[in-house]
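J.: Predicted structure and sequence below. I'll ask about it afterward.
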Amino acid sequence: MQKPVFTEGQIYHIFNRGVEKRQIFLNGFDYSRFVHNLFEFNDINPAINMNYYFDTEQPMEVEPRYFNRKKRSLLVEILAFSLMPNHFHLLIKERRKNGIVRFMQKLGTGYTMYFNKKYDRVGGLFQGRFKAVLINKESHLIYLPYYIHLNPIELITYGGSTSIDLQKQMDFLENYKWSSFLDYIGEKNFPSITQREFLLGALNITENEYKKETENFIKEYNNNNLDKIKDVIIDND
């Protein structure tokens, strides 16, 4: 897949996974560190001392803890995200020239350094450069956030099984910490990571309505009715 030419103001679906499809998140601390990195590296300013501010013995608090830090100047707007054991999805809007490239370089390098040091390994962690698809149709923008937020359902549906009922799937999503879904339905999880006003405005819905629309999308998702976004879904098999 060719990487698009990134343009300020445009939105992209971004994906990457572990080399040889290996797990890149082995426990809650790893997920927490990556979420923290989503916040920390989304800044034109250099990263602060991560070891000082990040407590490796405790999962990250809802809001990252900082003291006397400069006001951030965002490289990108993170509209939505979802983390899975061996891959991640991001929906990102380019905020400034080369913002996505700079952000993804910092994110990939920073997390790989953390992971390799923690698990005493060397070499690349991710399967090459990240994949990205331009979101240039209204249908893409309408449906892709739900697709991203529903990715964790794969952890309980075992390759697309429809035997798990809707309520159990929603219960699972509402207890899955490692995505922006909870923040979109009004439950404070990692509110400082994402900029949600744009998507809620584009979808013309409230946080309460987002939950209901997710339920509606699950019905389509379980029936493989994803034709409207098939050209922007990045294969994670």
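T.: Great, that's in hand. It should be emphasised that the depicted structure is a prediction, and the values quoted were computed from it without experimental measurement.
J.: Grab the most central residue of the protein for me.
T.: Computing the C-alpha centroid of the chain and ranking residues by CA atoms, centre = their mean puts F81 first, at 2.0 Å.
J.: Mean confidence (pLDDT) on the helix or strand hosting it, please.
T.: Under the criterion of DSSP states H and E, F81 resides in strand 76-84. Averaged across strand 76-84, pLDDT comes to 97.
J.: tilt between the next helix or strand after that strand and strand 76-84?
T.: Sequence-wise, the next helix or strand downstream of strand 76-84 (DSSP H and E) is strand 87-94. Inter-element angle recorded for strand 87-94 and strand 76-84: 170 degrees (by axes from the mean of the first three to the mean of the last three CA atoms, to 10 degrees).
J.: Show residues contacting strand 87-94.
T.: Contacts of strand 87-94 with the rest of the structure, by CB atoms under 8 Å, 6 or more residues apart in numbering, involve 6-18, 24, 34, 76-82, 100, 103, 135, 144-145, 148, 151, 195, 198-199, 234, 236. C-beta coordinates here come from the backbone N, C-alpha and C atoms, glycine included.
J.: right, and the helix or strand after it?
T.: helix 99-119.
J.: That next one relative to strand 87-94, how many degrees between them?
T.: Calculated by the same axes, to 10 degrees, helix 99-119 forms an angle of 150 degrees with strand 87-94.
J.: Quick one: distance of helix 99-119 to the chain centre.
T.: On the basis of CA atoms, centre = their mean, to the nearest Å, helix 99-119 sits 14 Å off its chain's mean C-alpha point.
J.: That one - contacts with which helices or strands?
T.: For helix 99-119, the packing partners by 3 or more CB pairs under 8 Å, 6 or more residues apart in numbering; DSSP states H and E come out as strand 11-17, helix 28-40, strand 76-84, strand 87-94.
J.: What residues sit buried inside that helix?
T.: Judged by neighbour count using 16 or more other CB atoms under 10 Å, the buried positions of helix 99-119 are 99-104, 106-108, 110-112, 114-115.
J.: same question, stretch 12-22
T.: Buried residues in stretch 12-22, counted by 16+ other CB under 10 Å: 12-18.
J.: end to end, how far does that stretch reach?
T.: Chord length of stretch 12-22, first to last residue, is 24 Å (CA to CA, to the nearest Å).
J.: can you check stretch 177-191 too?
T.: Start-to-end span of stretch 177-191 (CA to CA) is 12 Å.
J.: Show residues contacting it.
T.: Stretch 177-191 has contacts (CB under 8 Å, 6+ apart) with 25, 31, 35, 39, 62-63, 78, 80-84, 145, 148-149, 151-152, 173-174, 193-194, 196, 199-200, 207-208, 210-211, 214.
J.: again with stretch 202-216
T.: Contacts of stretch 202-216 (CB under 8 Å, 6+ apart): 141-142, 145-146, 149-150, 166, 170, 173, 181, 184-186, 200.
J.: now with 7 Å?
T.: 141-142, 146, 149, 166, 170, 184-186 (CB atoms under 7 Å, 6 or more residues apart in numbering).
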